[in-house]
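J.: coordinates only, sequence not included:
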C-alpha cells in the first residue's frame, strides 16, 4: 500500500470581520488617508485635521482640548463641542454615549490601516449622528508590527504601537498608546495671572482584537480601554475621561455566487469628571464653581447587513445592501455646585436615555463610464426618562425636581449620486443627500460652565436635520491630480448655544452668573445655510519632489427665525470661512525625506453673537525622516515653527486663550 503525502492545506488569509467599502462611495466626496499619512501624525485628530475645514470645536488638538470639546465636524458648517460627524472603527461608533464627542487618545494612529472622510453623505449605512458626514476608521490587518517613541517640548513623552501575532488559525492584533505632556499655559502676556495654569496631559489606551476564521466567515472580538487626565488651564480645574468597549463582529465577504453579510454587537462604557472654576477679574485666584465628579454612561448597539455584488443589470454590474441598526445610550451627570466661598452648597443629578433604530437600503450600478448610487433610511428616535434633581447639601431638601416628558419621532433620510468618467483621467459627479443628528444626553440634560460663562441644558431639543447638494470635477493622473467640489448644505433645527443673559445676575435654574460672564442655553435656534467650495491638488514636480495643497471656503450663516432673531445673518461660532494647507514632500535621498506644511485659517467667532473675534492664524510645520537601517528610522518634527499666536478662545472681558506655541519633537520608529 502506497501512502500519498498529505495535500497542502489552502492558505488562510486572516483579516478582521468587516465588509469592504461599498462601490457607491466613489460617487460621493471621499478623502482617504493612508497609513503613511497617519504614520506622520502623533494624534488621530491631527491626522484628520490635515484636511481643511475638518477640526475639533476649537483650534486645538486633543493634546490640549477638554474632553467636552473634542467633537469633530466637517466642512466648517457649524462646529460643535458634541460634534456633528459620526466616527466609526470597523463599524463601531467611537462617539461618546453621553456627550457625542470622541476621546481621540483611545485610538493610536499606528493601529490603523487607513481612514475615509465621507463629507456630506451621512445617510445610508451610517445613520444617526452623521450630520455633516462620517469618518470611517479601519484597524490594521497585516502581519508585523510598528512602534513609535518620542520626546517633545513641554516635557512631552509618547509611546505608541501595534503588533500582530498568529496562534494557529487565530490572529491577535494588539495596540497601545501612552502620551504625556506638562503642557502650555493658554493665557499669556499681560492678561495672564497666577490662576492660569498649564494644559497638562496624561493619556493611555490599549486594545486587543482576535480574528478567528469560521469557514467562509470571520469572527472578530475586540476589547479596549482608555483614560486621559488633563488640566484645563485654570487652577483647580481638571478633567478626566475614561472608558471601555467590547464588540463582536461576524462577517462573510461577498463573492461571485453568494452574498456577503455582517452581524455586529457592541457596548461602550464611559465616565467623565470635569471641574470648573470662577476666576477673579485680575486672574489672580479661582473659586471652585462646579464639580462634575461622576458621569457614568453606557452605549449599546447592533447592526446587520446583507450585501450582494456583481449582479448583471442593463449592461453593467449592480451592488446592493440591506441593513438594520439600533443604538441606545443611558447616563447621568452627578455634580456639586453653588459655592458662595465656604464650599459647595448644592448637588445635581441629571440624565436620561436615548434610542435610535433604523433600516436602510443602498444600491450602486456601475457601467462602462457611469456610477450611479443611492440609498434610503427610515429611523425612529426617542428621548426617555429625563430627570433633573438638585438638593441643598445642608438640609438634603430638593431645590429643583423635574421630570421631562418622553419624546419620539421618525426621520427619513436619503442620498443619491452619479459619477461619469470622461476619459483622459477626468470625472464629473453630482450628489444630493439628507441626514440627521439627535441631541446627546449632554445637550439634553447637563448644564456646564467654562470660566465665568454658564450654558444651560435643554430637554426639549429635537434632532438636527441636514439637506445638501454638491457637484464635483476631478482629474487623476500619474503625475498627480486635483478635485473641485461645490456644495450647499442647510441644517434645520440647529442646536446652538444662545446667549440669554449677562452677569452679574441671578437666573432661574442656572443660578448666579458673575461679572464678566454670560448665560447661554442650548436651543434649536433656526437654520444654518452653508455654501462652499473645496479644492485639492497634488503634483509631482520632479523625481522625489511632490507638491500638495487643499482649500476650503465655507460661507455659513444663521437664520434665527422668531426664536433667536438676534442670530440672523451671523456666522455659527467657531466656523471660519477660509482654511487651506500647502506642502512639499522631498525625497532628498533613498534614506532621507523632508516635508513641510503651511496651514492657514481665517478669523472665527468664539460666541453666537459674533462679538468675540478670533484672529486669522498661519502656521508652518516641518518634519524630517531618516532611515537608519531597514525597519528603523529617526524623525525630527517642528510644529508651529515660527511660534505664531493662535487665538482659540475669548472671554466676555476680552481675555484671549491661545493654542500651542512652537514645539519640537524627536522620535524613533521601528517596523517589521
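T.: Perfect, I can see it now. Bear in mind the structure is a predicted one, so any value in this text is a computation, not a measurement. Residues are numbered from 1 along each chain as shown.
J.: Just the pLDDT at residue 144, thanks.
T.: Per-residue confidence (pLDDT) for residue 144: 88.
J.: actually residue 123, not the one I wrote
T.: In this model, residue 123 is scored at 66, pLDDT.
J.: At which residues are the helices of this protein located?
T.: Assigned by DSSP state H, the helices in the chain fall at 35-39, 44-48, 441-445.
J.: so which of the ones you listed comes closest to residue 420?
T.: Among the helices of the chain, helix 35-39 comes nearest to residue 420, with 28.5 Å by C-beta to C-beta. Quick note: C-beta positions are derived from backbone N, CA and C, even for glycine.
J.: Give the other helices and strands that the closest one contacts.
T.: helix 44-48, strand 112-119 (3 or more C-beta pairs under 8 Å, 6 or more residues apart in numbering; DSSP states H and E).
J.: before we move on, back to that, include distance to residue 465 and mean pLDDT when you put the helices of the chain into TSV, please.
T.: Listed next are the helices of the chain as TSV, based on distance: least, C-beta to C-beta, whole Å; pLDDT from 0 to 100:
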stretch	distance to residue 465	mean pLDDT
helix 35-39	32	82
helix 44-48	24	91
helix 441-445	15	94
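J.: which stretch among those comes nearest residue 206?
T.: helix 44-48 (15.2 Å).
J.: Packing partners of the closest one?
T.: The contact analysis (3+ C-beta pairs under 8 Å, 6+ apart) places helix 44-48 against helix 35-39, strand 112-119.
J.: Please work out which of these is packed deepest.
T.: Highest mean neighbour count of the helices and strands packed on helix 44-48: strand 112-119, a mean of 21 (counted as mean count of other C-beta atoms under 10 Å).
J.: Partner strands of that strand, with direction?
T.: strand 29-34 (antiparallel), strand 133-139 (antiparallel) (DSSP bridges).
J.: which residues touch it?
T.: For strand 112-119, the external contacting residues (C-beta atoms under 8 Å, 6 or more residues apart in numbering) are 21, 25, 28-35, 38, 44, 47-48, 51, 54, 74-75, 126, 130, 132-142, 534.
J.: can you pull the contacts of residue 234?
T.: Taking C-beta under 8 Å, 6+ apart, we find residue 234 in contact with 195, 196, 197, 277, 279, 286, 451.
J.: whoops, residue 303 was the one
T.: 91, 262, 263, 264, 323, 324, 325, 326 are the contacts of residue 303 under C-beta under 8 Å, 6+ apart.
J.: how about CSV for the helices of the chain, with distance to residue 179 added?
T.: Listed next are the helices of the chain as CSV, based on distance: least, C-beta to C-beta, whole Å:
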stretch, distance to residue 179
helix 35-39, 16
helix 44-48, 11
helix 441-445, 24
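J.: beta partners for the most centrally placed residue in the chain?
T.: For the chain, the residue nearest the mean C-alpha position is residue 72 (3.7 Å; C-alpha atoms, centre = their mean). Counting by DSSP bridges, residue 72 is bridged to residue 56.
J.: Was I right to think it contacts residue 83?
T.: Yes: counting by C-beta atoms under 8 Å, residue 72 touches residue 83, with 5.0 Å between them.
J.: So, low pLDDT: which residues of the protein?
T.: In the prediction, the chain carries residues with pLDDT under 70 at positions 1-14, 121-123.
J.: ok so, going back, need the winner for burial among the strands paired with strand 112-119.
T.: Most buried of the strands paired with strand 112-119, by mean neighbour count (mean count of other C-beta under 10 Å): strand 133-139, with a mean of 24.
J.: Might you quantify the distance of it from its chain's geometric centre?
T.: The chain centre lies 10 Å from the centre of strand 133-139; the measure is C-alpha atoms, centre = their mean, to the nearest Å.
J.: who's in contact with that strand?
T.: With C-beta under 8 Å, 6+ apart as the test, strand 133-139 has contacts from 16, 18, 21, 48, 72, 74-75, 85-90, 94, 107, 111-122, 126, 173, 175, 209.
J.: List buried residues within these.
T.: In the contacts of strand 133-139, burial by neighbour count holds for 16, 18, 48, 72, 74-75, 85-90, 94, 107, 111-112, 114-122, 126, 173, 175, 209, counting by 16 or more other C-beta atoms under 10 Å.
J.: that older thread, next one: the residue nearest to the centre of the chain from residue 130, what distance?
T.: 12 Å (C-beta to C-beta, to the nearest Å).
J.: who touches both of the two?
T.: residue 85.
J.: List the beta-bridge partners for residue 383.
T.: The partner residues for residue 383, given DSSP bridges, come to residue 354, residue 407.
J.: isn't it right next to residue 444, touching?
T.: Yes: using C-beta under 8 Å, residue 383 makes contact with residue 444 at a distance of 6.2 Å.
J.: how near is residue 620 to residue 642?
T.: 6 Å.
J.: out of these two, which sits in the busier spot?
T.: residue 620 (16 against 9; other C-beta atoms under 10 Å).
J.: So for the more buried one, what's the nearest residue that isn't a sequence neighbour?
T.: residue 641 (4.6 Å; C-beta to C-beta, 6 or more residues apart in numbering).
J.: which residues does the one you found contact?
T.: Counting by C-beta under 8 Å, 6+ apart, residue 641 touches 619, 620, 621, 622, 662.
J.: The third one: neighbour count?
T.: Looking back up the chat, that one is residue 621. Residue 621 has 20 neighbours, counted by other C-beta under 10 Å.
J.: So in terms of bridging, what pairs with it?
T.: residue 597.
J.: returning to that earlier point: nearest approach to residue 396 belongs to which of the strands paired with strand 112-119?
T.: Of all the strands paired with strand 112-119, strand 133-139 comes closest under C-beta to C-beta, at 46.1 Å.
J.: picking that back up, want to try JSON lines for the contacts of residue 641, with distance to residue 479 as columns?
T.: As requested, these are exported to JSON lines (distance: C-beta to C-beta, whole Å):
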{"residue": "619", "distance to residue 479": "29"}
{"residue": "620", "distance to residue 479": "26"}
{"residue": "621", "distance to residue 479": "25"}
{"residue": "622", "distance to residue 479": "25"}
{"residue": "662", "distance to residue 479": "35"}
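J.: Any idea how many residues pack against residue 355?
T.: The number of residues near residue 355, taken as other C-beta under 10 Å, comes to 18.
J.: err, residue 214, not the other one
T.: Residues near residue 214, counting by other C-beta under 10 Å, number 12.
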